[in-house]
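In: only geometry, no sequence info:
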């Protein structure tokens, strides 16, 4: 119980540390003097990409210029996996799925002999996933439906408090990108509303997005299962059903943006061709706009992958970056830091 | 063109007038002295209902008391038709539907002989709607699909700028309830996020919700048609399809709240049994909460209807108000004003 309760406190501490570790951008209303103003993006190396971001934001808040964007239209959308945090060796939500299959196995003795569950329980992911999308959908539904939304929230929260990444040993919430946290803060300080638009599960992300990214649940767009309002018990609850409601990827992203936000964004960041649709939707708006692609080029500090990746292919996005004036972040050269610095006590959720 | 362009300006002027016509509530962080602080709800008569609202809000912002609600949880949901603006003799979106059928008729010569269109074109709504829900769905789809979201937005905006109510002669956007505008402002001044949760069309409401209620499009939940991302033209667009995506009424309201907001609200206002689900969902949360029912009792200044209404029945809500501690607003005695005072030039969208 102690571990579970202390999770938000730990995250809060991490966030506080992150906030104070980066310099705060100046308020949007001031006229900053270049030589005295703190760098709003200290983890970004000086260069064309950083300058393009800063120029866009400055122009968008200058009501006398052509690049001005009214506050009501300052909608910024961010993919999550691979854009705000690491997505290798696989999207972190899949680690949650596999861990949960093991937790739930005692209630499902039949899983011992039944794929894809058998493979997961035996640590043989290759066999488990040999059934392709159908197998994955079965694993997702087994772990993302059949419970109340409150129970699901608590399960995700508990898992996030304790689970760690197989390669880095860090908690997953410590594997968010420091430069992107700074970018989120910088945009918000300049009147932007920041949204997550993810192919991942909306209910999974919402549990921790406010603590980790300062993005509240109602600014998260993602894939979802249907839910049903159930009044059969003492307290009315929402039950997650084993039925896909919305798949927020590829051409679904502009649709998800319309459903949840209702406006064409002016700033979008992504990292794979799954984000191509929302980048294109943003970059074909009639006013000023900005598209950012995170190119994973850093095999030492993170992972390097693009055109050949089976999990998160980036090919069309690179091909059309010039056409749409998308800025491509070279992680290796553009970022002087990848992950936030975590102080020793942060790694123990018991404190 | 002039009329169309000036619409937001006119609305902004109305809103500005509204804002200045009511006294601003004190900032949430000050310790107000009762005798010097302006009344945040001047259009509400003194009495139990007004006092209950003020007590709840004060308690929810007092971090030392039992009624405290953290800012992140201050989610307030409002039904639209009959809660924020008038819904009689029928929901205003239906006037839009009937007007649009007439506008579109030249492109559909077959409608002259085909119900429900024939009835609408001949001004015989009884015949038009004799086909019940199916007829209504046909009319809705004919006017709410088959175009881009941008075109639909512009059509609604133009209509709202000119259309007037058959009984009052006011523009529809002038028939919002002044006491509810004050309540929205009061809640926001105390750290609440205000959302619309309507059975009406999400795309219809979003066009004007920011100008009229200061509620941005991403804080509107409503019924929707499916949309499709279409890249066949020069500019990628979203096409509204003739297919229901989500019906945000009755038991759908808690579901819509979950999908869009992702949190159980702590404050909800409604006026019919279509809002029962979201009121119940709010009032069975584990922390402090508040439910408000607008009871239409004022046949002189507005309309009087409840248990016998076919359009907006309020029966179960009245029966269970005591059980759930819902405050019931008696429009006749609780409100000293119904609609905002509109200055002469406001009625002409040409200025």
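Out: Nice, thanks for sending it over. Just so we're clear, the structure is a prediction, and the values are computed from it rather than from any experiment.

In: from here on, contacts and neighbour counts on C-alpha atoms
Out: Will do.

In: just checking, residue A:327 touches residue A:283?
Out: No: the pair residue A:327 / residue A:283 is not scored as a contact, 11.5 Å apart, by Cα atoms under 8 Å.

In: And the two? Which one has more around it.
Out: residue A:283 (25 against 21; other Cα atoms under 10 Å in any protein chain shown).

In: who touches the more buried one in this structure?
Out: For residue A:283, the contact set (Cα atoms under 8 Å, 6 or more residues apart in numbering or on different chains) comprises A:266, A:289-291, A:324.

In: what do residue A:327 and residue A:283 both touch?
Out: What both residue A:327 and residue A:283 touch, as defined by Cα under 8 Å, 6+ apart, is the set A:290-291.

In: Work out for me the element residue A:76 sits within.
Out: Taking DSSP states H and E as the criterion, residue A:76 maps to strand A:75-78.

In: what does residue A:222 give?
Out: If you go by DSSP H and E, residue A:222 is part of strand A:220-230.

In: next structured bit after that strand?
Out: Proceeding N to C from strand A:220-230, the next assigned helix or strand is strand A:237-246, under DSSP H and E.

In: hmm, that following strand in reach of chain B?
Out: Yes: with Cα under 8 Å from any Cα of the partner chain as the measure, strand A:237-246 is seen reaching chain B through A:237-238.

In: In the stretch 1-150 of chain A, which residue sits nearest chain B?
Out: Across the stretch 1-150 of chain A, the shortest distance to chain B (Cα to the nearest Cα) belongs to residue A:72, at 7.7 Å.

In: Can you check what pLDDT the model gives residue A:37?
Out: As predicted, residue A:37 sits at a pLDDT of 73.

In: secondary structure class for it?
Out: Here residue A:37 is recorded as coil under DSSP: H, G, I helix; E, B strand; the rest coil.

In: Spit out the contact partners of the residue in the stretch 251-351 of chain A that chain B sits nearest to.
Out: Nearest residue of the stretch 251-351 of chain A to chain B: residue A:261, at 4.2 Å (Cα to the nearest Cα). If a contact means Cα under 8 Å, 6+ apart, then residue A:261 has B:217-219 as its contacts.

In: State the phi and psi torsions of the residue of the stretch 1-150 of chain A closest to chain B.
Out: Here is the backbone geometry of residue A:72 (degrees, to the nearest 10): phi -60, psi -20.

In: How many neighbouring residues does it have?
Out: 13.

In: ok, the residue lying closest to residue A:334 once chain neighbours are set aside - how many residues close by?
Out: Of all residues not flanking residue A:334 in the chain, residue A:45 sits nearest, at 5.1 Å (Cα to Cα, 6 or more residues apart in numbering or on different chains). If you count neighbours by other Cα under 10 Å, residue A:45 ends up with 16.

In: Quick one: residues contacting residue A:45.
Out: By Cα under 8 Å, 6+ apart, residue A:45 lies in contact with A:333-336.

In: Ramachandran angles for it?
Out: phi -70, psi 150.

In: next one: the one 3 residues further on
Out: Phi and psi for residue A:48, reported as degrees, to the nearest 10, are phi -60, psi -40.

In: what sits against it?
Out: Taking Cα under 8 Å, 6+ apart, we find residue A:48 in contact with no residue.

In: for residue A:270, same thing?
Out: Per Cα under 8 Å, 6+ apart, neighbours of residue A:270: A:78-80, A:82-83, A:276, A:279, A:292-294.

In: Take these and write them to a markdown table, including distance to residue A:228 and pLDDT.
Out: Below are those laid out as a markdown table (distance: Cα to Cα, whole Å; pLDDT from 0 to 100):
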| residue | distance to residue A:228 | pLDDT |
| --- | --- | --- |
| A:78 | 29 | 98 |
| A:79 | 27 | 98 |
| A:80 | 27 | 98 |
| A:82 | 32 | 98 |
| A:83 | 32 | 98 |
| A:276 | 32 | 98 |
| A:279 | 33 | 98 |
| A:292 | 37 | 98 |
| A:293 | 37 | 98 |
| A:294 | 37 | 98 |
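
In: Could you identify which of those residues has the most neighbours?
Out: The most neighbours of any of the contacts of residue A:270, using other Cα under 10 Å, belong to residue A:279, which has 31 neighbours.

In: before we move on, the earlier item: nearest to residue B:62, of the contacts of residue A:261?
Out: Proximity of these to residue B:62 (Cα to Cα) peaks at residue B:219, which lies at 25.6 Å.

In: how close does the residue lying closest to the residue of the stretch 1-150 of chain A closest to chain B once chain neighbours are set aside get to residue A:211?
Out: Closest residue to residue A:72 apart from its sequence neighbours, by Cα to Cα, 6+ apart: residue B:216 at 7.7 Å. Computed with Cα to Cα, to the nearest Å, the distance linking residue B:216 and residue A:211 is 23 Å.

In: With residue A:266 instead?
Out: Residue A:266 is 25 Å from residue A:211, by Cα to Cα.

In: Okay, and the beta partners of residue A:329?
Out: Note on residue A:329: beta-bridge partners by DSSP bridges are residue A:294.

In: Correction: the previous question concerned residue A:223.
Out: Note on residue A:223: beta-bridge partners by DSSP bridges are residue A:201.

In: I'd assumed residue A:199 was in contact with it.
Out: Yes: counting by Cα under 8 Å, residue A:223 touches residue A:199, with 5.6 Å between them.
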